[in-house]
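In: Generate coordinates for the sequence data below:
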Amino acid sequence: MSVFELPDFDAHEAVVHVCDAASGLKAIIAIHNTRRGPAMGGSRMWRYADSTEAATDALRLSRGMTYKNAMANLPIGGGKAVIIGDARSQKTPELFRALGRAVESLGGRYITAEDVGTAPADMHHVRETTRYVAGLSGELGGQGDPSPATALGVFVGLGAAARHRLGADSVKGLHVAIQGLGHVGFDLARQLHEAGARLTVTDIDRGVCLAAAEAFGASVVAPEEIVDVEADVFAPCALGASLNPLTLPRLKCRVVAGAANNQLATDDIGDRLRDAGILYAPDYVINAGGIIKVCAEYFGESPHSVEGRVRAIADTLADVFARADKDGIATNRAADELARQKLA
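Out: You can find the predicted model right below:
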């Protein structure tokens, strides 16, 4: 099947397939839209079943970056790279140098950074072969891991959603069920715990669950049980499509607010959440903290400017919720409309 025929193709400006036999790199770089500036988005490494699944993910993620960057008022467009491979066993410096060469060949149309399965250390090797990379450590002139900024944005965004739907002045006393305890999910759990929330958590890594239980007094459930937890807020912080026809009827919450990308399996799930009385914080709005930090780093802005802009995610979400209520539409559709206006 041609990439043009994939359901998630959305007038993408470029979709580049990359193969480097020497390093074993197989990757897809998708540039969705550069109307606001060069496309920026991370490089994800994952065990995709085949190239069609990888291309679909690249298409969806890159479009999400376009909307995310527009809603955050950043001077960049949307792009994404996906690497087909196991991040636990197939990473090598040469693989990321090869990725850097591919990014460099695009002449600045796409700027990469870390994502699921990659880390600032990997971006160091990318930096050896391209100028067009961010999310670097301080020793290379960067601002370090963007995950804490993402977690902060989700924390303040979750608070905004709780105010809108639950009338809560803070998250203190709220029960939050967190799906996924990676860099972002674990830091979100820390912030919620410090603010007085009660936590139920899960992750495929049992060790990190036990760490959350010890550090935050969190209850732990099996990964397949988290959507059944009766909580005020469900926070999906793992991979995408966690909100789908199978999980939707099982939700026992009034708010969904988490860090994962592409949480809705299909757009109509947003309509069904609204019909069920569940307020959904659109993923690409609430999880923009990381790209705000990475963008500031790339363009040489002061790190002191980042926190205020990340905290402003709460105000952006309040605007989305107000528009959805006014127009009687799902919050994901309200966010899409606002993003398209910014792109126009």
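In: Report whether V103 is found in a helix, as I expect.
Out: Yes. In this structure, V103 lies within a helix as judged by DSSP: H, G, I helix; E, B strand; the rest coil.
In: From here on, call the first residue 28.
Out: Sure, I'll start counting at 28 from here, so that last one is V130.
In: Quick check: it vs M67, distance?
Out: From V130 across to M67, the span is 11 Å (C-beta to C-beta, to the nearest Å). In short, each C-beta sits where N, CA and C put it, glycine included.
In: any residues in contact with both of these two?
Out: Common contact partners of V130 and M67 (C-beta atoms under 8 Å, 6 or more residues apart in numbering): 137-139.
In: Format those residues as JSON lines; extra columns: neighbour count, pLDDT and secondary structure.
Out: JSON lines is the format used below for those (neighbours: other C-beta atoms under 10 Å; pLDDT from 0 to 100; DSSP: H, G, I helix; E, B strand; the rest coil):
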{"residue": "Y137", "neighbour count": "29", "pLDDT": "98", "secondary structure": "strand"}
{"residue": "I138", "neighbour count": "25", "pLDDT": "98", "secondary structure": "strand"}
{"residue": "T139", "neighbour count": "30", "pLDDT": "97", "secondary structure": "strand"}
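In: OK, contacts around I138?
Out: Contact analysis of I138 by C-beta under 8 Å, 6+ apart lists 65-67, 103, 106, 130, 159-161, 325.
In: oh sorry, the question was meant for F348
Out: F348 makes contact with 187-188, 191, 306, 358, 361 under the criterion C-beta under 8 Å, 6+ apart.
In: the strands in the stretch 78-227 of the chain, which residues?
Out: For the stretch 78-227 of the chain, the strands defined by DSSP state E, counting those that start in this stretch occupy 104-111, 137-138, 202-206, 225-229.
In: Among the contacts of I138, which lie within helices?
Out: Among the contacts of I138, DSSP state H puts 130, 325 in helices.
In: most surrounded residue in the contacts of I138?
Out: In terms of neighbour count, G106 stands highest of those at 32 neighbours, by other C-beta atoms under 10 Å.
In: quick one: it and H59 touch, right?
Out: Yes. G106 lies in contact with H59 (C-beta atoms under 8 Å); the separation is 6.3 Å.
In: OK, contacts around G169?
Out: So G169 contacts 147, 150, 161-163, 324 (C-beta under 8 Å, 6+ apart).
In: can you do 6 Å?
Out: If a contact means C-beta atoms under 6 Å, 6 or more residues apart in numbering, then G169 has 163, 324 as its contacts.
In: Distance of the residue nearest to G69 when sequence neighbours are not counted relative to V235?
Out: Leaving aside its sequence neighbours, G69 sits nearest to D142 (C-beta to C-beta, 6 or more residues apart in numbering; 2.9 Å). According to C-beta to C-beta, D142 and V235 sit 19 Å apart.
In: So for these two, which residue has more residues nearby?
Out: D142 (23 against 19).
In: Fine by me, thanks again.
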